[in-house]
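Colleague: Need a 3D model of the following:
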Amino acid sequence: MQGDLMTWLVPLLAMLCAGLFAGFAAGIFGIGGGFVVVPALFVVLPLLGGTHDAIAHVAIGTSAATIIVTSIRSLLAHAKRGAVEFEVLKAWAPWIILGDGVGVLLAGHVDGRILTMIFAVGVFLMSLNFLLPKIGGKVISDTMPSGVARVGIAGGLGTFSALLGIGGGTIAIMVMTLCGRSIHRAIATASGIGTLIAIPSAIGFVLIGLKEPGLPWGSLGYVNVPATLAIASMSILTAPVGVAVAHAMPAAPLKKVFGIYLIIIAFVMLRNAVKM
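Modeller: Numbering: from 1, shown residues only. Below is the predicted model of the structure:
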C-alpha cells in the first residue's frame with residue numbers, strides 16, 4: 001500500500017511544483033512555461049508508464065495544454081494593467097495558427113529521440129536571449145513587421161513553438177523590443193501569443209496521438225490529462241504573482257538565473273536524447 005502511494009505521490013508533487021514555477025515564469029517573462037514543464041514531464045511521465053518515444057511526444061503535447069491555462073491567466077493579468085497590444089495579436093493570429101499546424105504535423109512524423117534533440121537545441125538558443133540581453137536590446141524599427149515579414153516570422157514562431165511545446169514568448173519579446181516596444185508591453189503581448197500557439201497545438205497533439213500505442217496512463221492522444229490538470233491548477237496561482245513582479249522591478253537579475261537554468265536543461269535533455 002505504501003509503495004502504491006509513493007508511486008502516485010512523487011509524480012503528483014513534481015507536477016504541482018512544475019506548475020508553480022511555470023506559472024511564475026509565464027507571468028514575469030511572458031513565456032508559456034514550456035521550458036519548465038517539458039523537462040519536468042520527462043522525469044514524471046515514465047512513472048506513469050509508456051515507451052520512450054511516446055513520452056517525448058506526450059511531454060510536448062501536455063506542455064502545450066498547460067500553456068493554454070497559464071498564458072490566458074497571464075494575459076488577463078497584463079490586460080488589467082493595459083499593457084497588451086491586441087492589434088498585434090489580431091494581425092499575427094492567422095499566421096501563428098497556420099505555423100502551429102505545420103509544427104504539430106512535423107512532430108507527428110519525428111521520433112522521440114529527434115524531438116528531444118530539437119527541444120534541447122531550441123532551449124539552448126533561447127537561453128542566449130536571457131544571458132546576452134544585448135542581442136535583443138537594439139531597436140531596428142518603430143513599427144511591427146508587416147506583409148511577407150509578418151507571415152514568415154509569425155508562421156515560423158508557430159512552427160518552432162509547436163515542436164518544442166512552448167508558448168513562443170521569448171521570440172515574440174525579442175521581435176517586439178527590436179521594433180521599439182517596451183519590455184513590459186512586449187511581455188504582456190507575448191502572453192497572448194502563447195495562447196494563440198497553445199490552443200491549436202494541444203488540439204493537434206491530441207488528434208495525432210489518439211491511435212498511438214505505448215502512451216503513459218491518463219493520456220488522451222499525446223496530452224496527459226492528470227499532468228495537465230495538476231500543472232495548470234498551480235500555474236493559475238503563480239502567474240499573477242509573476243506579472244506583479246514583472247511590472248514592479250527590473251527582470252535583469254532573474255533573466256540571468258533563468259538563462260543559466262535553460263542551459264542546464266538543454267544539456268540534460270541532449271544527454272537524454274543520446275541515451276534513447
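Colleague: residues in contact with Ala273?
Modeller: 113-114, 116-117, 120 (CB atoms under 8 Å, 6 or more residues apart in numbering). C-beta: built from backbone N, CA, C; applies to glycine.
Colleague: Residues in contact with stretch 191-199: which ones?
Modeller: Contacts for stretch 191-199 (CB under 8 Å, 6+ apart): 26-27, 30-32, 64-65, 67-68, 70-72, 74-75, 78, 84, 86, 89, 92-93, 96-97, 100, 157-158, 161-162, 166-169, 172.
Colleague: Give the residue spans of the protein that score low on pLDDT.
Modeller: For the chain, the stretches with pLDDT under 70 are 1-8, 30, 32, 133-139, 249-251, 254, 276.
Colleague: Which one of the contacts of Ala273 is nearest to Asn129?
Modeller: Distance to Asn129, by CB to CB, is smallest for Ala120 among the contacts of Ala273, at 16.3 Å.
Colleague: how many neighbours does that closest one have?
Modeller: 22 (other CB atoms under 10 Å).
Colleague: That one reaches Ile263, doesn't it?
Modeller: No - using CB atoms under 8 Å, Ala120 makes no contact with Ile263, being 10.4 Å away.
Colleague: Identify the residues contacting Phe130.
Modeller: Phe130 neighbours (CB under 8 Å, 6+ apart): 170, 255-256, 258-259, 262.
Colleague: Where does it fall, secondary structure wise?
Modeller: For Phe130, the element it lies in under DSSP states H and E is helix 112-131.
Colleague: Can you point out the buried residues in that helix?
Modeller: Judged by neighbour count using 16 or more other CB atoms under 10 Å, the buried positions of helix 112-131 are 112-113, 115-120, 122-124, 126-127, 129-130.
Colleague: how about Pro39, what does it touch?
Modeller: Residues near Pro39 by CB under 8 Å, 6+ apart: 265, 268-269.
Colleague: What's the ChimeraX syntax to select whichever of those residues are buried?
Modeller: Here is the ChimeraX selection string for the buried members of the contacts of Pro39, based on 16+ other CB under 10 Å:
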select :265,269
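Colleague: So Leu215 lies in a strand, does it not?
Modeller: No - counting by DSSP: H, G, I helix; E, B strand; the rest coil, Leu215 is not found in a strand; it is coil.
Colleague: now the contacts of Pro39 as TSV including secondary structure and distance to Leu47?
Modeller: Below are the contacts of Pro39 laid out as TSV (DSSP: H, G, I helix; E, B strand; the rest coil; distance: CB to CB, whole Å):
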residue	secondary structure	distance to Leu47
Ile265	helix	19
Val268	helix	17
Met269	helix	18
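Colleague: Closest to Asn224 out of the contacts of Pro39?
Modeller: Met269 (18.1 Å).
Colleague: Contact partners for that closest one?
Modeller: 39, 42, 116-117, 119-120, 123.
Colleague: ok, for it, nearest residue in space, not its chain neighbours?
Modeller: Ala120 (3.9 Å; CB to CB, 6 or more residues apart in numbering).
Colleague: Now for the one you found: which residues touch it?
Modeller: Contacts of Ala120 (CB under 8 Å, 6+ apart): 265-267, 269-270, 273.
Colleague: before we move on, what about Cys17?
Modeller: 40, 234.
Colleague: Which helix or strand contains it?
Modeller: Using DSSP H and E, Cys17 sits within helix 2-29.
Colleague: now, which of the contacts of stretch 191-199 lie within helices?
Modeller: 26-27, 64-65, 67-68, 70-72, 74-75, 78, 86, 89, 92-93, 96-97, 100, 157-158, 161-162, 169, 172 (DSSP state H).
Colleague: Geometric centre of this structure: which residue is closest?
Modeller: The residue lying closest to the centre of the chain (CA atoms, centre = their mean) is Ile166, at 2.2 Å.
Colleague: Please tell me how far that one sits from Pro11.
Modeller: Ile166 sits 22 Å away from Pro11, going by CB to CB, to the nearest Å.
Colleague: what does Val243 give?
Modeller: Val243 is 28 Å from Pro11, by CB to CB.
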